[in-house]
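A.B. asks: starting from these lines, generate the structure:
(chains A and B)
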Amino acid sequence: MSTHVSEDAEDATEQETSEADTETVSPGERRRAEKTERGERLREEAEQAVGEAEETVALKVFRFDPEVADKRAPRFDTFHVPYHKGMTVLDSLIYARDHYDSTLTFRHSCRQAVCGSDALFINGSQRLACKTQLGDLDWPVRVEPLPHQEVVKDLVVDMEHFYEQMDAVEPFFDPDDLPDGDLEEQRQSPENREKVKLSTRCIWCGACMSSCNIAAGDNQYLGPAAINKAYRFAMDEREGETRKEERLHVLEQEHGVWRCQTQFSCTEVCPKDIPLTEHIQELKREAVKSNLKFW
Amino acid sequence: MYEHDVIVVGAGGAGLRAAIAAHEAGADVALVTKLHPVRSHTGAAEGGINAALHEEDSWDLHAYDTMKGSDYLGDAPAVEAFAKGAPEEVIQLEHWGMPFSREEDGTVSQRPFGGLSFPRTTYAGAETGHHLLHTMYEQVLKRGIEVYDEWYVTRLAVTDHDDPGERSCHGVVGYEIRTGEIAGFHASDGVVLATGGLGQAFDHTTNAIANTGDGTAMAYRAGAPMEDMEFVQFHPTTLPSTGVLISEGVRGEGGILYNAEEERFMFEYGYANNEGELASRDVVSRAELTEVNEGRGIEDEYVHLDMRHLGEERILDRLENILHLAEDFEGVDGLAEPMPVKPGQHYQMGGTEVNENGETCIDGLYGCGESACVSLHGANRLGGNALPELLVFGERTGRAAAAGGDIDPAEIETGPAAKAEAGEVDTPVAPGTVGDPEDPVLADGGAQAADPAAVVEDAVAAEEDRVDALLERDGINHAEVRADLQETMTEHVNVFREEAGLKQALRDIRECRERYQDVAVEDPSRTYNTDLIHTIETRNLIDVAEAITLGALAREEFRGAHWRAEHQERKDDEWLKHTLLAWNGGDPELYFKPVILEGEEQTYEPKERSY
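C.D. replies: From the prediction side, this is the model:
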């Protein structure tokens, strides 16, 4: 044993403890009493914060859990959260969970709009909760899971279909050939890099797919995110013409680019400002050009 | 029971790279991750990837800069393997399609970064990590590597033996978040832990909410010591209200730091007369807090980072993402006004003790990336060195873990065999386990049984008991324990550390541990129970927070990111050694092993570290 506990300090701690205890109270009971006190303290603090806050924001949050009796029928719960300037929808959901109801369930991780976990349907529009300021919304704020996806629980939806559509476009770089030298990179012009730049920003949040009427009606439609992923490779000059032809072939199938009716809903909701509809249109033109070439 | 040759836990950069390498060595490999791979926090890395690519640059300069940056606490075999391996890994990434920023001739661009003697940081805008993560996940898809996403690994299946060096790891226990299924994953060749950082031990951090030190804490309780945990990097430029990172790339491109008097304090007050804003991160963080403490901070809290003079075109070309972050998370227009910044927890230099092949002292258990300590970064990591670390050591570790992998024996020693000197630290309260060790909430996460054949099944049974207990009993919610832990760590174990504060933190952490004995999960559901996941994470945070604080109290010197009020000098005679903390069955043991400064071609003589 090498971590040495200084005796003075240990004595001091014990003294405090023994003063606080009566002989009949076991340590377990004491802890339970303390934890109840702390739990109450936390709730009181939250209530006090609500009382003292100049403003509170009301969140109406969708609730559903197939396993829990009183949540089997979907409902909305209202949480009153103390508001401060700069607060995001994600901040307020975390506050509600940590102070009022630990069963409130949603995905989140990076809180800076790069992990793509927290795309939600907020006041009737697909947005990332972490980059949506409460101050920019009408109150009360209505928070629901992404439409057109199966709800797993509360705000969590099943993403499997989205991932399958991404996989369907062979979403990996696949060049015709590579430089011979050991430490030699492929050359790419700054212009070409600029051309694919916006398409590479996709964070797989699923907001676009959820907003798309075509995807809602045609489960096999590749959808804006997957088509954009294919664009990212088809337009990358490093891959070569053969591979580009193959990619265009995948995209012009029945449930590919031609399904898009240019409603721009995906472009409107994309949190990374990717011009999805434009990319889809450009691929349509490429597909036509490519077909003409073989006539 | 799921069966694979190699199980990789965590699917950020290190885990993905390890999985690809194990796959290429012929192993049947699976990734098990509590997130989906593209949600991993590697995606938030902004600045870049250091590699000596240019003909005027060389790997030994990169090694020298890294060793100097580490304040001579890196181990030479790790530093040299890293600097030699980085160029090949960067080119490999380019061949996999990574959209690097480019020069006019089509070659990969490189920019200056803090602490580097040559502009060797490759990058993809200010979102390098995002592109690296997606590029590598694409390669995992291409190879058809199996991914168990939203499976939370809660326990390692390690055999029981008094000496951790005699233990062996045979798999892990996973909890499927969506269904609540608890299952064993048997690994016939090896388990690789690549679970990332532990920033959630602090309340102002650039880290994701998922960065809870899971792998580091699980390996610790299973017998693999934690190394150099006191070395925590505080990044000098994070947004004050959220901790969101503003890349060092801003200063690399020429961004300037100003105090409230509009003085360029890095030069005006002599913090770094040569390098200024581009001094090493620890130097800049201390400078900023000193400005604030001496009354020259803005709103007594932060300083300004100004990039307006770079011009809109250059900013949009190289730093566009920074404009979005400043606007979305601080409401500031970086083209029109300076951005408020302050130091925030960013990176854990310490971690699970491993050698340069990623091996821990437990047979079959490996580690790489931020959750491990190889030791490359020593007392301070240089900007742009984390991403190449996860490439180089992810690759080596994946190769080592696969039975078919070909790799030279390691020079760095691990485990009890490496112990050179017993440690002494005067703590106000005992660290380690509290209460009844038979309590399932307490079960230490490893060392289940002597029989390798039964160890995974035994671990699954133990985990089922733990989860049942947490779901069924009444008790307090973990969130208040976590919040108090974060608060004391940020108050007392921050950039500036004092003995009294560190001791207070140990008392507070002890109290958190005692209260954790009474946690329970309110949500009774087996469907997507994040209440349960977060409760289990908080246990891991307590263990890593305690290790950071114990190490900080033990190390009576000022080295790299570790600053002590009472010990204002680097003490090479006494402290050129690594701090190790072993769980020791719940009664933590502190000890030391020497730093290796003799490299293959040069010996790194400790010099004064000035920028």
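
A.B. asks: strands along chain A, start to end?
C.D. replies: Counting by DSSP state E, chain A has these strands, from start to end: A:3-5, A:56-63, A:75-82, A:119-122, A:125-128, A:141-144, A:151-153, A:156-157.

A.B. asks: what's the model's confidence in the last one, averaged?
C.D. replies: To tie it back to what came earlier, the one meant is strand A:156-157. Strand A:156-157 comes out with an average pLDDT of 98.

A.B. asks: equivalent analysis for stretch B:295-304, please.
C.D. replies: Stretch B:295-304 comes out at a mean pLDDT of 96.

A.B. asks: ok, back up a step: for the strands of chain A, give me TSV that also has distance to residue B:16.
C.D. replies: Just so you know, the C-beta spots here come from the backbone N, C-alpha and C atoms, and that holds for glycine as well. What follows is the strands of chain A, written out as TSV (distance: least, CB to CB, whole Å):
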stretch	distance to residue B:16
strand A:3-5	37
strand A:56-63	34
strand A:75-82	37
strand A:119-122	23
strand A:125-128	24
strand A:141-144	32
strand A:151-153	25
strand A:156-157	24
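
A.B. asks: just name the most buried of these.
C.D. replies: Between those, the one whose residues have the most neighbours on average, counting mean count of other CB atoms under 10 Å in any protein chain shown, is strand A:119-122 (a mean of 25).

A.B. asks: mean pLDDT lowest where, among the strands of chain A?
C.D. replies: Within those, confidence is poorest for strand A:3-5, with a mean of 47 (mean pLDDT).

A.B. asks: domain ranges for the chain?
C.D. replies: Using chain A. According to automatic domain parsing, chain A is divided into the following domains: A:52-157, A:160-175+A:189-293.

A.B. asks: that's the wrong chain, I meant chain B
C.D. replies: B:2-232+B:347-413, B:235-345, B:455-574.

A.B. asks: of these, give the one that comes closest to chain A.
C.D. replies: When the domains of chain B are ranked by proximity to chain A, the top entry is domain B:2-232+B:347-413, at 2.5 Å, counting by CB to the nearest CB.

A.B. asks: end-to-end on that closest one?
C.D. replies: 32 Å (CA to CA, to the nearest Å).

A.B. asks: could you do stretch B:601-611 as well?
C.D. replies: With CA to CA applied, stretch B:601-611 spans 25 Å between its terminal residues.

A.B. asks: returning to that earlier point: in a markdown table, list the domains of chain B along with mean neighbour count.
C.D. replies: Converted to a markdown table, these look like this (neighbours: other CB atoms under 10 Å in any protein chain shown):
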| stretch | mean neighbour count |
| --- | --- |
| domain B:2-232+B:347-413 | 25 |
| domain B:235-345 | 20 |
| domain B:455-574 | 21 |
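
A.B. asks: out of those, which comes closest to residue A:141?
C.D. replies: In this view, those are compared for proximity to residue A:141 by CB to CB, and domain B:235-345 is the closest at 17.5 Å.

A.B. asks: off-centre distance for the closest one?
C.D. replies: Here domain B:235-345 shows a centroid-to-chain-centroid distance of 23 Å under the convention CA atoms, centre = their mean, to the nearest Å.

A.B. asks: then stretch B:517-526?
C.D. replies: Shown here is stretch B:517-526, whose average C-alpha point lies 29 Å from the average C-alpha point of the whole chain (CA atoms, centre = their mean).

A.B. asks: now render the strands of chain A as a markdown table, adding distance to chain B.
C.D. replies: Formatted as a markdown table, those follow (distance: least, CB to the nearest CB, whole Å):
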| stretch | distance to chain B |
| --- | --- |
| strand A:3-5 | 5 |
| strand A:56-63 | 12 |
| strand A:75-82 | 14 |
| strand A:119-122 | 12 |
| strand A:125-128 | 9 |
| strand A:141-144 | 16 |
| strand A:151-153 | 4 |
| strand A:156-157 | 5 |
